[in-house]
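# I'll drop the sequence and a predicted model, then ask my questions.
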2 protein chains.
Amino acid sequence: MNKRVCLKDIAAAVGVSTALVSYVLNNKKEGRINKNVAEKIKATAQAMSYRTNQIAKSLKTNRTYTIGLILADISNPFSAALARFIEDEAAKFNYTVIFGSSDENPEKYKKILDALVNRQADGLILSPPEHAEQQILQLQQQQIPFVLIDRYFPGIETSYVALDNYEASFKATQHLIDCGHRRIGMINYASSLFHLAERTRGYLAALKKNEIDFIPANLQEVKMLALQEETENAVSQLLQAGLPVSAILFGSNVIAMHAVKYINQQQYRVPEDVALTCFDETDAFDLFYAPLTCIRQPVKQMGELAVQMLLRKIEDTSTSTQQVSLEGTLITRESSRIS
Amino acid sequence: MNKRVCLKDIAAAVGVSTALVSYVLNNKKEGRINKNVAEKIKATAQAMSYRTNQIAKSLKTNRTYTIGLILADISNPFSAALARFIEDEAAKFNYTVIFGSSDENPEKYKKILDALVNRQADGLILSPPEHAEQQILQLQQQQIPFVLIDRYFPGIETSYVALDNYEASFKATQHLIDCGHRRIGMINYASSLFHLAERTRGYLAALKKNEIDFIPANLQEVKMLALQEETENAVSQLLQAGLPVSAILFGSNVIAMHAVKYINQQQYRVPEDVALTCFDETDAFDLFYAPLTCIRQPVKQMGELAVQMLLRKIEDTSTSTQQVSLEGTLITRESSRIS
DNA sequence: CATTTTTGTTTAAACGATTAAACAAAATTA
DNA sequence: TAATTTTGTTTAATCGTTTAAACAAAAATG
């Protein structure tokens, strides 16, 4: 009993054809339909608490009004914020966002991607993990509209919205130099991802520009797995070297989180013993005695742009690719005050 | 060009009927089908990179293998963890989770709910905001399988998985009393939500049990909007009263977050000046000098149970409702050490 | 008043899958 | 060898919509 009511039920109740009901409920053929009949249909639909079967509608119209989103790690505030802005922007255009978190795992990424494509998402917004090139190419071939966000592969021409990581990293490093630091370490992910490499490149370029010799041991790379342990090691390396660094730039908020915890435990003083700067924020730092200097990404703008670019592509598949690099903002705080 | 291939295309390529292709690809009629033909069909499907149109399949089978999830606030680590566990558990059974965050806004909640129902989610897992009773009743009437999580309405018989908030709050308060505190304040949300009321009830019961007179001013209620401001006021009230409290119990991690920030700013010492205890955790506290005593909810178990209960309901609509109350664990840390 | 136009509605095919039922050919049984 | 069973495959209806095309009746036109 209590089966879902469908168009046919309403049609039967009012005594018209399903076509007419469909027209009325979708406000099509505006002028042509008898006002009384239209009213009656609407009233009956309401009374019978009819709701469109989106599945059936989608099958016919070939549109699901769904955007698939794959992020790196939803428990990272950066991803979470991105997700929220994307959702909000999509909602403005009556799109629903379905998403998953790859956790930097290519297998998982592939699985989610499959699920989204199978469910006929109208388009995708993706933050691909390492080694996702093949899938990207495949999407292009299948002509599924998509926009990359936060990351992209320089060798593949796709639409994307991302931070200018080189510039941001350069800016952050320059800031530390301007504060008087000459021995500056960086802890970044050991990863082939382009956007992370760009951060390293920016760091190196800033050193060079200021005629500071790069000491290889000052660039520490940590694996995403075993992050805590490796970060702690990296920090020790940097701070216990013969000539310890006086400032550290972190490649992400997660690395920074682990590092700061450890630095706190070891009772190093910030910024007296070591100045700190990192990419992205976390309100986890709100309770640390020295608020962290960081690169803030224009997350809202990124999310909104990605949605807009994607929707344009969905509307018109022939739209050409579009690359957007946004500038980060350096927010200077206690952790890098001149000591 | 490059249109998605469908069953018909494969059928045409192999030279059989679509029915046969469907049977093969779904491993139905196992014994009956000619092995060679089956092989050929599978090979061709692969070669043409066929993927099922889930929309069409869903229309026919009336199953989307989708679970709708509505949480209170995805940016809260508690919700985020819940979401992840639910997703993982659902994935085990080949279900996809679509979700939204109500942000405690009934309008938004209703909108998301509508979207999920329209998209024919097979079932729902919900954390309803205030005043959602009507919608709950409606779901029951429409016989849409659902399970409430974290929250429920005592006046409506539904399936749910939630913390025994009364017991947990009692336990937390008793702990503070055991630490020697007699003047204990509580800051909770000003809300009609039952699970929050239960927390207040547990606090009051523990006071009574220990023959401590309840001082109304020691129970502060803060509105979800303007949370920061009201929390700061509440903390001042509690700590600057004629007889200031020596311990505070927070009704949530978010309240605790705002309070601790403020307490830190005002340079109160924890636990010397004031001992703290709260519901839920946040790694935001990891950098606070006094790790926070808290009530830990069995989030993983909650998520898994909710999914299992829901799937049972989806399989067999006649399954009766089931109520599960889980115990919280008190994790004692520095913030409530005996001073 | 015959013709054309407009108005209001219905018919019927389609979207891409599933699946019960029908069917033909081959294999088995009597 | 006729009857029955088994094997392998196809036919065709169906899910709940959308929508072009057809249609009939009423209104406007010449």
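Noted; the coordinates are in hand. All values derive from a computational prediction rather than experimental measurement. Numbering: from 1, shown residues only, chains lettered A, B, ... in the order given.
# going forward, measure contacts between C-alpha atoms and count neighbours the same way
Will do.
# Low-confidence ranges, chain A, go.
A:1-2, A:339 (pLDDT under 70).
# Please enumerate the strands of it.
For chain A, the strands defined by DSSP state E occupy A:66-71, A:96-101, A:123-126, A:146-149, A:160-163, A:184-189, A:219-222, A:247-250, A:275-279, A:293-296, A:323-326, A:329-331.
# Show me what the fifth one pairs with in its sheet, parallel or antiparallel.
Neighbouring strands of strand A:160-163 in its sheet, by DSSP bridges, are strand A:146-149 (parallel), strand A:323-326 (parallel).
# circling back to that earlier point, make CSV from the strands of chain A and add mean neighbour count to it.
Shown next, in CSV, are these (neighbours: other CA atoms under 10 Å in any protein chain shown):
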stretch, mean neighbour count
strand A:66-71, 24
strand A:96-101, 24
strand A:123-126, 26
strand A:146-149, 25
strand A:160-163, 24
strand A:184-189, 25
strand A:219-222, 19
strand A:247-250, 26
strand A:275-279, 27
strand A:293-296, 23
strand A:323-326, 16
strand A:329-331, 16
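# Now tabulate these in JSON lines and tack on distance to B:C278.
Formatted as JSON lines, the strands of chain A follow (distance: least, CA to CA, whole Å):
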{"stretch": "strand A:66-71", "distance to B:C278": "31"}
{"stretch": "strand A:96-101", "distance to B:C278": "29"}
{"stretch": "strand A:123-126", "distance to B:C278": "37"}
{"stretch": "strand A:146-149", "distance to B:C278": "37"}
{"stretch": "strand A:160-163", "distance to B:C278": "38"}
{"stretch": "strand A:184-189", "distance to B:C278": "34"}
{"stretch": "strand A:219-222", "distance to B:C278": "34"}
{"stretch": "strand A:247-250", "distance to B:C278": "31"}
{"stretch": "strand A:275-279", "distance to B:C278": "30"}
{"stretch": "strand A:293-296", "distance to B:C278": "29"}
{"stretch": "strand A:323-326", "distance to B:C278": "40"}
{"stretch": "strand A:329-331", "distance to B:C278": "31"}
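# Distance to DNA strand C added to those, as CSV?
Output for these, formatted as CSV (distance: least, CA to the nearest atom of the strand, whole Å):
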stretch, distance to DNA strand C
strand A:66-71, 17
strand A:96-101, 21
strand A:123-126, 17
strand A:146-149, 20
strand A:160-163, 29
strand A:184-189, 41
strand A:219-222, 44
strand A:247-250, 47
strand A:275-279, 44
strand A:293-296, 44
strand A:323-326, 31
strand A:329-331, 47
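# distance between stretch A:99-115 and the chain's centre?
Distance of stretch A:99-115 from the chain centroid (CA atoms, centre = their mean, to the nearest Å) equals 14 Å.
# Could you list the buried residues of that stretch?
Neighbour-count burial for stretch A:99-115 flags A:F99, A:G100, A:S101, A:S102, A:D103, A:E104, A:Y109, A:K110, A:I112, A:L113, A:A115 (criterion: 16 or more other CA atoms under 10 Å in any protein chain shown).
# Would you check which pair of those lies furthest apart?
A:E104 and A:A115 (17.1 Å; CA to CA).
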